[in-house]
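Q: pasting the sequence and the predicted coordinates here, then a few questions.
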Amino acid sequence: MKIIADLHLHSRFSAACSKNITLENLEKYARLKGVSLLGTTDFTHPKWISEIKAELTDDGSGILKSKTGFHFLPSTEIANFFTQGGKGRRVHNVILAPSLEVVDQITEALGNRGRLDYDGRPIFGFSCIELVEMMRGIDKHIEVIPAHVWTSWMSCFGSKSGFDSIEECYGDQAKHIHAIETGLSSTPDMNWRLSALDKIQMVSFSDAHSFWPHRLGREATVFDVELSYANIINAIRTGVGLKETFEFFAEEGKYHWDGHRNCNIVMSPKEAMKVDSICPVCKKELTIGVEHRVEELADRPEGFKPDGAKPFKRLIPLSEIITLVQGGQPFSKKTWETYYKLTNAFGNEFTVLLDAGKKELEKATDKKIAKAILDVRDGRVKVNPGFDGVYGEPVLEGAKMKSPEKRPEKQGKKQHSVLDFKKKRKAGKKQKTLGEF
């Protein structure tokens, strides 16, 4: 049974999330996207869990069902802010639970350590080691998954507050970490460069803060199992039945390359290393990006693929592809008209993105949009990497604009790299040499 799962997302009770997130809206747009299993999100929040219990039922399999038969799996995210190894740490973890009864036990245990009512993603001052110990003490079927592991500020491997290994972060509880979430900041091939992760499964989820289909399911994991909590967890722990992941283009992430937004400087890791990661404009340390961080920890060359590695597909949400071609925004009436025309023709967004043939696409929409969908499917996409809080920009042939919702504060300004400074020197313009940076 093919299951497309998005198990990390949020409710309206988490900070910076849509106030219109309801279970009904999540189901509606998950079906439109093609997602067949959602995490419940934020189950520790008292108001949200009340809605979950009122609207969903557990048939004993560990999977919750809505009144119309859509499936949810109990999940939440915890933020751990603590000191370890003489350094302040900030790590997010996804928690999956086998039943609402176990959810209540998790909530009680966490409630004894801090407040749960102020945010759907609560913050605790104890370590990841303690978190896993606590969860294992409640029920051995609870799964703890390091969330968006390369995000600079809030993750296991983050350059600002993370660790250099799973073992360093989770200590003697590392043996209970079976999978990591690649997150929007990385793709499996980036993680394959660390041999220490060969025994770890890769999963991808959206971390969506709204229910819109260009957020929901923008990353997902595909399972081929009979639907039950036990089977999903076994696939996450062993890889058996975990077929592939759908991934964001990591270059679109806000911290992919190194740079300084205020100085308009962006550099690849190799460029940054040439100048000791010092900004050539302000002389301060650059904000180090995810690719640089991977380079620091990698013990394998770029392009290495371990035996048995699961396949993955890079995708751009359909709404964003449409706006790349015809302009506008993902929320515009024009975009929605095209979006619904395509999804009505093929059933859901994932079928459009992954399976629809060229001739069928051209019948359902214009040739430029059909070509753009096929270009994304086949990897014919260039992405100007994001840096220092600025989103990356996907560029498609014949697109009217570089990308929707990207770099609003920098429109009309050119980002500079070390190579730009070299070119200016050759052109006779007064500029410092690399040795002087």
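A: Alright, I've got the coordinates.

Q: and stretch 55-62, end to end?
A: End-to-end distance for stretch 55-62: 15 Å, by Cα to Cα, to the nearest Å.

Q: check the offset of it from the chain's centre.
A: In terms of Cα atoms, centre = their mean, to the nearest Å, the gap separating the centre of stretch 55-62 from the centre of its chain is 27 Å.

Q: next one: stretch 46-54
A: On Cα atoms, centre = their mean, the centre of stretch 46-54 falls 26 Å from that of its chain.

Q: do stretch 185-200 as well
A: So, by Cα atoms, centre = their mean, the centroid of stretch 185-200 is 15 Å from its chain's centroid.

Q: what's in contact with that stretch?
A: Outside stretch 185-200, the residues that touch it by Cβ atoms under 8 Å, 6 or more residues apart in numbering are 148-152, 155, 165-167, 177-180, 182, 202, 245, 247-248, 250, 253, 255-256, 290-291, 294, 297-306, 309-310, 312, 314. (Glycine included, C-beta is placed from N, CA and C.)

Q: tell me the mean pLDDT for that stretch?
A: The predicted model assigns stretch 185-200 a mean pLDDT of 97.

Q: circling back to that earlier point, from the contacts of stretch 185-200, list the buried ones, please.
A: For these, a burial check counting by 16 or more other Cβ atoms under 10 Å picks out 148-152, 155, 166, 177-180, 182, 202, 245, 247-248, 250, 253, 255-256, 290-291, 294, 297-298, 312, 314.

Q: out of these, which are inside helices?
A: If you go by DSSP state H, those have 166, 290, 291, 294, 297 in helices.

Q: let me have these in CSV, extended by distance to residue 83 and pLDDT.
A: Shown next, in CSV, are those (distance: Cβ to Cβ, whole Å; pLDDT from 0 to 100):
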residue, distance to residue 83, pLDDT
166, 19, 98
290, 24, 96
291, 28, 97
294, 25, 97
297, 22, 97
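
Q: quick check: the farthest pair among the residues you listed?
A: 166 and 291 (19.9 Å; Cβ to Cβ).

Q: and residue 76, how far from residue 64?
A: Using Cβ to Cβ, to the nearest Å, we find residue 76 at a distance of 13 Å from residue 64.

Q: please read the previous query as pertaining to residue 330.
A: Counting by Cβ to Cβ, the gap from residue 330 to residue 64 is 29 Å.

Q: which one of the two has more residues nearby?
A: residue 64 (24 against 20; other Cβ atoms under 10 Å).

Q: beta partners of the more buried one?
A: residue 58, residue 72 (DSSP bridges).

Q: ok, it touching residue 53?
A: No. Assessed by Cβ atoms under 8 Å, residue 64 is found out of contact with residue 53, at 9.4 Å.

Q: residues in contact with both of the two, list them for me.
A: In contact with both residue 64 and residue 53: residue 100, using Cβ under 8 Å, 6+ apart.

Q: and residue 273, what helix or strand is that in?
A: helix 269-274 (DSSP states H and E).

Q: tell me the mean pLDDT for that helix?
A: Helix 269-274 comes out at a mean pLDDT of 94.

Q: ditto for stretch 80-88
A: Averaging pLDDT along stretch 80-88 gives 97.

Q: show the pLDDT at the residue nearest to residue 174 when sequence neighbours are not counted.
A: Spatially, and ignoring its direct neighbours in sequence, residue 174 is nearest to residue 167 (4.6 Å; Cβ to Cβ, 6 or more residues apart in numbering). pLDDT recorded at residue 167 is 98.

Q: what's the distance between residue 167 and residue 320?
A: Separation of residue 167 from residue 320 (Cβ to Cβ) stands at 38 Å.

Q: please apply the same query to residue 230.
A: With distances taken as Cβ to Cβ, residue 230 is found 36 Å from residue 320.

Q: equivalent analysis for residue 122, please.
A: Following Cβ to Cβ, the distance that separates residue 122 from residue 320 is 31 Å.

Q: repeat for residue 148
A: 20 Å.

Q: what is the neighbour count of the nearest residue to residue 113 once chain neighbours are set aside?
A: Nearest in space to residue 113, with sequence neighbours left out and distances taken as Cβ to Cβ, 6+ apart, is residue 124 at 5.6 Å. Residues near residue 124, counting by other Cβ under 10 Å, number 18.

Q: ramachandran coordinates for the spatially closest residue to residue 152 that is not a sequence neighbour?
A: Nearest non-adjacent residue to residue 152, counting by Cβ to Cβ, 6+ apart: residue 255, 4.6 Å away. Phi and psi for residue 255, reported as degrees, to the nearest 10, are phi -140, psi 40.

Q: from residue 388, how far out is residue 255?
A: To residue 388, residue 255 is 7 Å away according to Cβ to Cβ.

Q: shared neighbours, those two?
A: Common neighbours of residue 255 and residue 388 (criterion: Cβ under 8 Å, 6+ apart): 287, 289.

Q: can you give me the helices for the stretch 251-400 of the chain?
A: Along the stretch 251-400 of the chain, the segments classed as helices by DSSP state H, counting those that start in this stretch run 269-274, 290-297, 318-326, 333-346, 349-354, 358-364, 367-377.

Q: out of the ones you listed, which is the most enclosed?
A: Among the helices of the stretch 251-400 of the chain, ranked by average contacts under mean count of other Cβ atoms under 10 Å, first place goes to helix 318-326 (a mean of 25).

Q: can you give the domain ranges for the chain?
A: What the record gives for the chain is the domain set 2-248, 252-308+383-424, 317-380, from automatic domain parsing.

Q: so residue 93: helix, strand or coil?
A: Following DSSP: H, G, I helix; E, B strand; the rest coil, we place residue 93 in the strand state.

Q: for the host helix or strand of residue 101, name the packing helices and strands.
A: Using DSSP H and E, the element containing residue 101 is helix 100-111. Where contact means 3 or more Cβ pairs under 8 Å, 6 or more residues apart in numbering; DSSP states H and E, helix 100-111 is packed against helix 46-55, helix 128-138.

Q: same thing but 7 Å
A: Judged by 3 or more Cβ pairs under 7 Å, 6 or more residues apart in numbering; DSSP states H and E, helix 100-111 is in contact with helix 128-138.

Q: quick one: mean pLDDT for the helix it packs on?
A: 98.

Q: stretch 299-318 too?
A: 97.

Q: now it, how far from the chain's geometric center?
A: Relative to its chain's centre, stretch 299-318 lies at 15 Å (Cα atoms, centre = their mean).

Q: can you check stretch 226-246 too?
A: 19 Å.

Q: that older thread, tell me the contacts of the residue nearest to residue 152?
A: Neighbour list for residue 255: 152, 185, 287, 289, 290, 386, 387, 388 [criterion: Cβ atoms under 7 Å, 6 or more residues apart in numbering].

Q: per-residue confidence at it?
A: If you check residue 255, the pLDDT there is 90.

Q: got it, and residue 396?
A: 87.

Q: quick check, it in contact with residue 371.
A: No. Look at residue 396 against residue 371 with Cβ atoms under 7 Å: they stay out of range, at 8.5 Å.

Q: thank you kindly, that will do.
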